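>>> Everything below, folded, please.
(chains A and B)
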There are 2 protein chains.
Amino acid sequence: MSVTHAKGFAAVGLEIGLKNSGGKDLALVHNLGPRNAAAAVFTSNRAKANPIIWSQQVIADGIATAIVLNSGGANCYTGSRGFQVTHATAEAVAAKLDLSTTDVLVCSTGLIGEQLPLEPLLAGIETAQLTADGGADAALAIMTTDSHPKTSVVDGAGWSIGGMAKGAGMLAPGLATMLVVLTTDADVPASDLDAALRSATRVSFDRLDSDGCMSTNDQVTLLASGASGIVPDAAEFRAAVTTICLDLALQLQADAEGSSHDISIETVNAANEDDAVMVGRSVARNNLFKAAVFGNDPNWGRVLAAVGTTSATFDPYDIDVSINGVMVCRSGEPGQSRDLVDLAPRAVHVLIDLKSGTDTATVWTNDLTHDYVHENSAYSS
Amino acid sequence: MSVTHAKGFAAVGLEIGLKNSGGKDLALVHNLGPRNAAAAVFTSNRAKANPIIWSQQVIADGIATAIVLNSGGANCYTGSRGFQVTHATAEAVAAKLDLSTTDVLVCSTGLIGEQLPLEPLLAGIETAQLTADGGADAALAIMTTDSHPKTSVVDGAGWSIGGMAKGAGMLAPGLATMLVVLTTDADVPASDLDAALRSATRVSFDRLDSDGCMSTNDQVTLLASGASGIVPDAAEFRAAVTTICLDLALQLQADAEGSSHDISIETVNAANEDDAVMVGRSVARNNLFKAAVFGNDPNWGRVLAAVGTTSATFDPYDIDVSINGVMVCRSGEPGQSRDLVDLAPRAVHVLIDLKSGTDTATVWTNDLTHDYVHENSAYSS
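Coordinates of the predicted model:
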């Protein structure tokens, strides 16, 4: 269950009154050891929230013993006063758990440009009771517009990884998106954690592009307690981290704000992987195509118009496009009838054959719906 | 009025049954001379429609004596059969008006990936009666989802420019967007027409980014008859072309699909003009900000999150952002209360001060609305 599935972790989720909607809004995760190795990837947005700036300093030495997360406020574009709130939050967690302040990661999520009140944070941390089964509550506490908590576990040979994630809007990574905390009882040094995490996020969260909007607060954290006493095979561990990241990424896609379709854009026979990702991302960000999918309209011309804006290697007049198994465009001309395409199911598969090489990549996105517009026109009210 | 305002042009708009919605769908404009200089800019999308491929060949020598435009079908991704339709259309116009086929420009607009039927085009061209007051009908005939025709005129000292434009969706230029035909009776050689047109589109159509989706069929054409007998001052002529392009661009913005706000994003004190355009375009393409404006929500954090994804020169924590005159963000911290911002009017002005230089640019966009999603989920049905 979530971040307390692996041995050597305690967690809690509680309500401290930050979220207008009510509900739990503060989570703490404590690595009980014996190891305290950690790795994290952060948003590449130059507009970084205060907790990102703080956590990047904390993670620099590969050591973190606790992470505190709040919903109900991003603490971004809140200046030096906002940074002091982040710092004081880390200090309070350190005092509570008898740790060094510089080993406490901080994450925040919510509205940008509003000060986060310190008093409820300090009071909540003071009363928090972390337990070995607190992972489920922690996953609840980091939700914003998510309709349900996202958790996942993967079990290795005597070791395991558990995790939680939040994120439903402003969902386009670079590197990492939304808030994710993974915990493992495997005994893995920080440098190997970092390599495994970067390898995993590159092909999971980094290829989720629900709405093209990159967050200021994205952070994916991996904490290792070593409590299993087992040093796993590096490739096996990396595969497990990739599996859990991919599972959480697809859970985020399935719950993206207002979405009615989950769209997988698979680009094949690309000259290289970067080209395949570029083509997929361009389609994923095309509002016209995404609105067409909402209307169950297999408008493949909008796919090609989006592909044509990229610098990927391909002949624009020798592309095949299939939608849910129907090759609607063959060699740049109308193929099978678009009437054969069934877009009623939630899952949509777009296959783009560039005929220019052997590389492949899949980018995941959602459709553009009335509900997306509605949720995001009313978010801060 | 429209493309027959300037002397030396005849035009017509008629209904030939291409548009499912009915109404005029074929336009012809004939340059009666004595000059036949021409210039055009085209979409930079690598996915180019057949009429774009054809017209790029026609314009290469700076001579064009007629242009034929149809709505009701883009003739894009229709292969060699589609190209033959474009070619046969130009041949029919040449035969009708006694011109060289290679001096006839062709434009098409409508759904991508469907064959355009040749018979109605040939029959329509055969019966067309071009007149000196046919400009208004021509402007009607190029409309797709436009709610009304867009025309504009600018008068110089003894010479003038008139024009028509269509475009309501897939509205993001690079270079040029949508279909625009400008006609002038000034006596200007093709090379000067080209320079004036590129200079004008760079700061008008190129900075209109309604929905971030680049078309496959964009073409802006300028035809000069020389019928006034006047050779205008080059700077004066360029200014007039810029004025008419800007007027038509803002008419397109005001009629963009489903929009309820016209948003001007003015970036000031940029290190250079490219930075200012890049910042403006990033905000213009941010769905979350556009949805917030639809909901009359001055969510300035979304402006900064979009700015932060660019490589422009600026300090992310020393930016000012004003919305409709209220400085909601001052030096990267909350400024005046967001409650002071009135987003009820259609016009929205976003002012971004990068504090990094002296250059300025404005990018125009629209909000993201329920109606945009609705129109674009039902376009091809």
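>>> which one is the residue of the stretch 51-200 of chain A found nearest chain B nearest to, not counting chain neighbours?
When distances are taken as CB to the nearest CB, the stretch 51-200 of chain A reaches nearest to chain B at A:Ile112, 2.4 Å away. Bear in mind the C-beta positions are built from the backbone N, C-alpha and C, glycine included. Once flanking residues are discounted, A:Ile112 sits nearest to B:Gly301: 2.4 Å by CB to CB, 6 or more residues apart in numbering or on different chains.
>>> what about the one you found, is that helix, strand or coil?
helix (DSSP: H, G, I helix; E, B strand; the rest coil).
>>> Quickly note the distance from it to B:Glu266.
19 Å (CB to CB, to the nearest Å).
>>> related to what we said a few turns ago, wait, doesn't the residue of the stretch 51-200 of chain A closest to chain B sit right on A:Thr216?
Yes - counting by CB atoms under 8 Å, A:Thr216 is a contact partner of A:Ile112 at 6.1 Å.
>>> okay, and the common contacts of the two?
Residues within reach of A:Ile112 and of A:Thr216 at once, by CB atoms under 8 Å, 6 or more residues apart in numbering or on different chains, are A:49, A:74, A:76-77, B:301, B:304-305.
>>> I'd like to know which of those residues is nearest to A:Thr127.
A:Ala74 (23.9 Å; CB to CB).
>>> got a list of what that closest one touches?
Here A:Ala74 is in contact with A:49, A:108-114, A:216-217, B:301 (CB under 8 Å, 6+ apart).
>>> Looking at those residues, state which has the most neighbours.
A:Ala49 (34 neighbours; other CB atoms under 10 Å in any protein chain shown).
>>> phi, psi of that one?
phi -70, psi 160 (degrees, to the nearest 10).
>>> tell me the pLDDT at it?
At A:Ala49, the model reports a pLDDT of 89.
>>> Spatially, which residue comes closest to it, not counting chain neighbours?
Per CB to CB, 6+ apart, closest to A:Ala49 is A:Cys76, 3.5 Å.
>>> try A:Val58
A:Leu105 (5.3 Å).
>>> What pLDDT is listed against that neighbour?
Note on A:Leu105: pLDDT of 95.
>>> close to chain B, is the helix or strand where A:Val283 lies?
Per DSSP states H and E: A:Val283 is located in helix A:273-284. No - Helix A:273-284 lies apart from chain B when judged by CB under 8 Å from any CB of the partner chain; the minimum separation is 9.9 Å.
>>> Could you do stretch A:309-329 as well?
Yes - shown here: stretch A:309-329 in contact with chain B (CB under 8 Å from any CB) through A:309-310, A:316-317, A:328-329.
>>> so which of the residues you listed comes closest to B:Gly135?
For the residues of stretch A:309-329 next to chain B, the nearest to B:Gly135 is A:Thr309 (32.9 Å; CB to CB).
>>> which residues sit against stretch A:120-136?
Contacts with stretch A:120-136, where a contact means CB under 8 Å, 6+ apart, come from A:1-5, A:9-14, A:16-18, A:26, A:28, A:30, A:68, A:70, A:85, A:88-89, A:92-93, A:96-97, A:149, A:151, A:162, A:164.
>>> What is the end-to-end distance of it?
Stretch A:120-136 has an end-to-end distance of 22 Å (CA to CA, to the nearest Å).
>>> how about that stretch: buried residues?
Neighbour counts over stretch A:120-136 (16 or more other CB atoms under 10 Å in any protein chain shown) mark A:120-122, A:124-125, A:128, A:130, A:134-136 as buried.
>>> ditto for stretch A:240-254
Residues of stretch A:240-254 classed as buried by neighbour count (16+ other CB under 10 Å): A:240-242, A:244-254.
>>> can you pull out the strands in the stretch 51-200 of chain A?
Under the criterion DSSP state E, counting those that start in this stretch, strands of the stretch 51-200 of chain A are mapped to A:66-70, A:104-108, A:150-155, A:160-166, A:179-184.
>>> among those strands, which is the most enclosed?
strand A:179-184 (a mean of 30; mean count of other CB atoms under 10 Å in any protein chain shown).
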